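**Student:** Have a look; sequence and predicted model below, questions after that.
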Amino acid sequence: MLQRIDTVAEVLARHAATRGNRPALVSARGQLSFAELERDVGAFAAGLHRLGIGPGATIGLLCTNRIEWVVAALGTIVAGARVATFNTWSRRWDLDQLLSASRCSALVAAGGFGDTDLVPLLQELVPEAWTSAGPGWRSSAYPQLRELVLIGDAPGPAGAHRFGALLERHRGHDGRAETTRDDIAMVLYTSGSTAEPKAVPLLQATLLEHGFDVGVRMGVTGDDRIWLAVPLFWSYGGANALMVALSHGCTLVLQEFFEAGEALQLIEGERCTVAYTLPNITAALLAHPAFTRERVRSLHKGMTIGSKADVAAAAMQLGIAAVCNAYGSTEIYGCCCATPHDWPLERKLQCQGPPLPRIHIGIRDRDSGAPVAAGTTGEIVVSGQVIRAYLDQPQASESGFTASGEFLTGDLGELDAEGNLRFHARASEMIKSGGINIAPAEVEQFLRTHAGVLQAAVTGVEDEAKGEVPVAFVIPVAGARLDEAQLKQYCREQIASFKVPVRIVVTDGPLPTTSTGKLARRPLRELAREHWPAPAALGSGGAGK
């Protein structure tokens, strides 16, 4: 058992020495052994140093679940820099925000994936890489940005570096920098109560220690093979599953993006033993025409979130007998409690388990802030292995954390007499759709960028498939002619698909307000329920379409 974990470089060196020829990463595009992973991570770190990027810098990473994502992320950390992970569902408006907020010196990006071609978007945002005759440019829109590294075979500009070529040139070079356990390693972006995405800084040693603790709770060993289709840019993927695999020295089997048929082939063909799933992923696997229990019989451990029915489906129908029922958020490194893998299923269905070893969970009265007795519902407050503040966002930090460093989750739950958490509901206005957080304020701000929109209000309504979905109300400027189809298309072209409202109701208003003139969220939610599900003539439209 690992007693102390300080740096990614140390863990990689240890695995390369003891498990060198065993597969560390597997994907449809190929695989890397632990020795090859250490080699390529070191080469990428050396390449960054050659570009003048090292400790204190930030690297933006825009890529699907590919081996290159892991090499770039770990190589950035080993080089002493921070990796800012960007959502691959981002469109122009989203990516512009992320590039501005991260202040990254370099952007490592896939040229495309599936039917998505990212090159035109990158050219629009960073034209200097295309107008320059070679390296040495600097972005006018994002002053810190001066390097573009492209993953894949898509044609690129003279001002960009090729990921593969960068590795080849620097293999055999030692790119490790002096780093400490308390250095910021990853910056993940999560939706919050404000329009600006919250920047969550995760520390190097805490990522590894947390991953080790989660793996112990799940019963993971070095012989396991973890199937991961959940995106690495989420904390559930990059701060949880990746760090579980890295700290325990087991194999991570990457699916570039989830598709149920391909997932079944991958699980069966690679004999995966551990699954990271979500309610919509479980449902899609079970509903696929080619699904049989025989095809997924190798799965026996895993993690999920959701209702009792969702956990039961993963355990009984998908066959993951030792599945863990978990609760967490990005600020808590993706997970703060989970049911032990060897608990009986009936017990797992009743709660999300005890806190992880380095975490404390309390329940506070939402009005007074005072602790409440066991069995009493209140706000879930987490301390210990949590971030202390958002990065360069003092206002968000002040409202999200106490002076003593406790994280105010905005969620309601209770602790039973044995200290196990029972999550009840979200108390905040956040929309959680298919496991993804959507901030109403962020979507409202985007809708107001449309020239014909005067006011916008967004709320969540219950949905059988996704838990919640966003519904928007807009008031047009005087004389503007707006319709739902037009506004949805505007959204689809500029923001990530999961943020696109399933309904956009154009109204003359007024929108419901409180006595102080603020938007009244509860009446707005009731109003939204009248518009969802959509009338048959309109269809479901919206998110993910």
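**Tutor:** Sure, I can see it.

**Student:** can you list the domains in the chain?
**Tutor:** The chain breaks down by automatic domain parsing into domains covering 34-198, 258-426, 438-529.

**Student:** can you give me how far the longest one is from the chain middle?
**Tutor:** Spelled out, that is domain 258-426. Distance of domain 258-426 from the chain centroid (Cα atoms, centre = their mean, to the nearest Å) equals 14 Å.

**Student:** Also stretch 178-198?
**Tutor:** Distance, centroid of stretch 178-198 to centroid of chain: 11 Å (Cα atoms, centre = their mean).

**Student:** how long is that stretch end to end?
**Tutor:** 28 Å (Cα to Cα, to the nearest Å).

**Student:** Ok, stretch 489-504 next?
**Tutor:** Criterion Cα to Cα; first-to-last residue distance in stretch 489-504 is 11 Å.

**Student:** highest average neighbour count across the domains of the chain?
**Tutor:** domain 34-198 (a mean of 20; mean count of other Cβ atoms under 10 Å). C-beta here means a position set from N, CA and C on the backbone, and glycine is covered the same way.

**Student:** gap between the two ends of it?
**Tutor:** 34 Å.

**Student:** The one residue sitting closest to the centre of the chain: what's it in contact with?
**Tutor:** With distances taken as Cα atoms, centre = their mean, the residue of the chain nearest its centroid is W234 (1.4 Å). By Cβ atoms under 8 Å, 6 or more residues apart in numbering, W234 lies in contact with L188, T330, G334.

**Student:** ok, now how distant is the second one from V214?
**Tutor:** Counting by Cβ to Cβ, to the nearest Å, the separation of T330 from V214 is 14 Å.

**Student:** hmm, who's touching stretch 456-472?
**Tutor:** With Cβ under 8 Å, 6+ apart, stretch 456-472 has contacts from 279-280, 283, 306, 429-435, 438, 440-441, 443-444, 447-448, 473-475, 487, 499-505, 511, 519, 521, 524-525, 528-529, 531-532, 542-543.

**Student:** at 7 Å instead, please
**Tutor:** For stretch 456-472, the external contacting residues (Cβ atoms under 7 Å, 6 or more residues apart in numbering) are 280, 431-434, 438, 440, 443-444, 447-448, 473-474, 499, 501-505, 511, 519, 521, 524-525, 528-529, 531-532, 542-543.

**Student:** for stretch 498-512, same thing?
**Tutor:** Residues outside stretch 498-512 that contact it (Cβ under 7 Å, 6+ apart) are 89, 433-434, 436, 438, 443, 455, 457-458, 469-476, 482-484, 487-488, 491-492, 519-520, 523-524, 527, 531-532, 534, 540-544.

**Student:** hmm, back to that, could you redo the domains of the chain as a markdown table and give each row distance to T18 and mean pLDDT?
**Tutor:** Shown next, in a markdown table, are the domains of the chain (distance: least, Cβ to Cβ, whole Å; pLDDT from 0 to 100):
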| stretch | distance to T18 | mean pLDDT |
| --- | --- | --- |
| domain 34-198 | 8 | 92 |
| domain 258-426 | 20 | 94 |
| domain 438-529 | 41 | 88 |
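
**Student:** Now do the biggest helix by length in the chain: which elements does it pack against?
**Tutor:** Of all segments of type helix in the chain, defined using DSSP state H, the longest is helix 34-50. Judged by 3 or more Cβ pairs under 7 Å, 6 or more residues apart in numbering; DSSP states H and E, the packing partners of helix 34-50 are helix 8-19, strand 23-27, helix 67-78, helix 163-170.

**Student:** and the angle for that helix with strand 23-27?
**Tutor:** 80 degrees (axes from the mean of the first three to the mean of the last three Cα atoms, to 10 degrees).

**Student:** immediately after helix 34-50, which helix or strand?
**Tutor:** Note on helix 34-50: by DSSP states H and E, the next helix or strand toward the C-terminus is strand 58-62.

**Student:** List the strands paired with that following strand, with their directions.
**Tutor:** Strand pairing for strand 58-62, using DSSP bridges, gives strand 82-85 (parallel), strand 106-110 (parallel).

**Student:** ok so, going back, and the gap between the residue nearest to the centre of the chain and E259?
**Tutor:** In terms of Cβ to Cβ, W234 sits 17 Å off from E259.

**Student:** show me where the stretch 151-300 of the chain has strands.
**Tutor:** 160-162, 184-190, 198-203, 225-228, 251-254, 274-276 (DSSP state E, counting those that start in this stretch).

**Student:** follow-up on the earlier one: want to throw the contacts of W234 into TSV with distance to V381?
**Tutor:** Converted to TSV, the contacts of W234 look like this (distance: Cβ to Cβ, whole Å):
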residue	distance to V381
L188	21
T330	16
G334	18
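
**Student:** ok, so of the residues you listed, who is nearest A263?
**Tutor:** Nearest to A263 among these: G334, at 20.9 Å, using Cβ to Cβ.

**Student:** Tell me if I'm right that R66 and Q255 touch.
**Tutor:** No: using Cβ atoms under 7 Å, R66 is not in contact with Q255; the gap is 10.2 Å.

**Student:** list residues touching both of the two?
**Tutor:** Contacts common to R66 and Q255, judged by Cβ under 7 Å, 6+ apart, are absent.

**Student:** just to revisit the earlier point, for Q317, which of the strands paired with strand 58-62 is the nearest?
**Tutor:** So among those, strand 82-85 is nearest, using Cβ to Cβ, at 31.9 Å.

**Student:** ok, and what's touching that closest one?
**Tutor:** With Cβ under 7 Å, 6+ apart, strand 82-85 has contacts from 58-61, 73, 76-77, 102, 104, 184-188, 233, 238.

**Student:** what's the next helix or strand after that strand packed up against?
**Tutor:** With elements assigned by DSSP H and E, the helix or strand that comes after strand 82-85 is helix 92-102. Contacts defined by 3+ Cβ pairs under 7 Å, 6+ apart place helix 92-102 against strand 58-62, helix 119-125.

**Student:** Among these, single out whichever gets nearest to G249.
**Tutor:** Of all these, strand 58-62 comes closest under Cβ to Cβ, at 23.5 Å.

**Student:** So what angle separates the directions of the closest one and strand 184-190?
**Tutor:** Using the same axes, to 10 degrees: strand 58-62 against strand 184-190 is 50 degrees.

**Student:** Let's see strand 58-62 as CSV, backbone CA atoms only.
**Tutor:** Output of strand 58-62 as CSV, limited to C-alpha atoms (Å, rounded to 0.1, in the frame of the first residue of the first chain):
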residue,chain,number,x,y,z
THR,A,58,-0.9,27.1,-18.1
ILE,A,59,-1.6,24.7,-21.0
GLY,A,60,-5.2,24.5,-22.4
LEU,A,61,-6.2,21.0,-23.4
LEU,A,62,-9.1,20.4,-25.9
